[in-house]
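Engineer: sequence-free structure coming up:
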């Protein structure tokens, strides 16, 4: 089953591209595979597979089935009947979850759909994703328009948006032959990074290494 890709920090090369920016949820990435013949039949974290009996993430299976199984099956059968299979990506988080850390024994969890990959066709474009899946539950859309430096500053400084962690931005480019290519990038708030440094210094150092490698975040 296809693993969700690493989302890089924003890069100036995307300035002036149209984007859809989603609230970045602070949880763990889950992948679930669907086919028209077998329904939803594979469950995994970013690195391992699990089932309903698994000790750590087994609770995700009934959680998913209750919230998404019927609705997503209907969408795939009616709107995407010619595509053989899909990998759906979710974020799982609890009321106490922070920086990807969870209290599995003493918390209440939710699951939210963040992306859908189509067999041999790639990710569903962001505008289409919002149109077809927003009613079943996706992250809040916080911005739709041209990506600018001003938007980056507004997210980092939390001046215009109520954000806990930041945003994930998605857009579309095209090859010379006209094929769609979906791009993703993220922007974190300064407040989230400052708190990460106080709580989990080693994770903060890894985060800053990514920032320095991938973006012009530090001026």
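Structural biologist: That came in fine, so what should we check first? Remember, predicted model here, so these are calculated numbers, not experimental data.

Engineer: can you give me the helices in the chain?
Structural biologist: Ranges of helices in the chain, per DSSP state H, are 60-64, 70-79, 126-133, 149-157, 190-199, 201-214.

Engineer: For the third one, which residues meet the burial criterion?
Structural biologist: In other words, helix 126-133. Neighbour counts over helix 126-133 (16 or more other C-beta atoms under 10 Å) mark 126, 129, 130, 132, 133 as buried. Quick note: C-beta positions are derived from backbone N, CA and C, even for glycine.

Engineer: ditto for stretch 193-213
Structural biologist: Those would be 193, 196, 200, 204, 207, 210, 211, for stretch 193-213 by 16+ other C-beta under 10 Å.

Engineer: same question, stretch 131-148
Structural biologist: Applying a neighbour-count criterion of 16+ other C-beta under 10 Å, one finds 132, 133, 138, 139, 142, 143, 147 buried in stretch 131-148.

Engineer: likewise stretch 64-82?
Structural biologist: Per 16+ other C-beta under 10 Å, stretch 64-82 contains these buried residues: 64, 67, 68, 69, 72, 75, 76, 80.

Engineer: And the residues you listed, which two are furthest apart?
Structural biologist: Maximum pairwise distance in the buried residues of stretch 64-82, criterion C-beta to C-beta, is 19.6 Å, between 67 and 80.

Engineer: pLDDT-wise, which helix or strand of this structure ranks last?
Structural biologist: Ranked by mean pLDDT, DSSP states H and E, the weakest helix or strand in the chain is helix 201-214, scoring a mean of 90.

Engineer: name the helices or strands packed onto that one?
Structural biologist: For helix 201-214, the packing partners by 3 or more C-beta pairs under 8 Å, 6 or more residues apart in numbering; DSSP states H and E come out as helix 190-199.

Engineer: got the angle for the helix it packs on vs helix 149-157?
Structural biologist: In terms of direction (axes from the mean of the first three to the mean of the last three C-alpha atoms, to 10 degrees), helix 190-199 departs from helix 149-157 by 40 degrees.

Engineer: what is the mean pLDDT for helix 190-199?
Structural biologist: The pLDDT scores in helix 190-199 average 94.

Engineer: Can you give the contact residues for it?
Structural biologist: For helix 190-199, the external contacting residues (C-beta atoms under 8 Å, 6 or more residues apart in numbering) are 98, 99, 156, 157, 158, 164, 165, 166, 203, 204, 207, 208.

Engineer: ok, for the last one, nearest residue in space, not its chain neighbours?
Structural biologist: With C-beta to C-beta, 6 or more residues apart in numbering as the criterion, residue 208 has its nearest non-adjacent residue at 7.8 Å, and that residue is residue 193.

Engineer: In this structure residue 136 contacts residue 68, no?
Structural biologist: Yes - if you go by C-beta atoms under 8 Å, residue 136 and residue 68 touch, sitting 6.2 Å apart.
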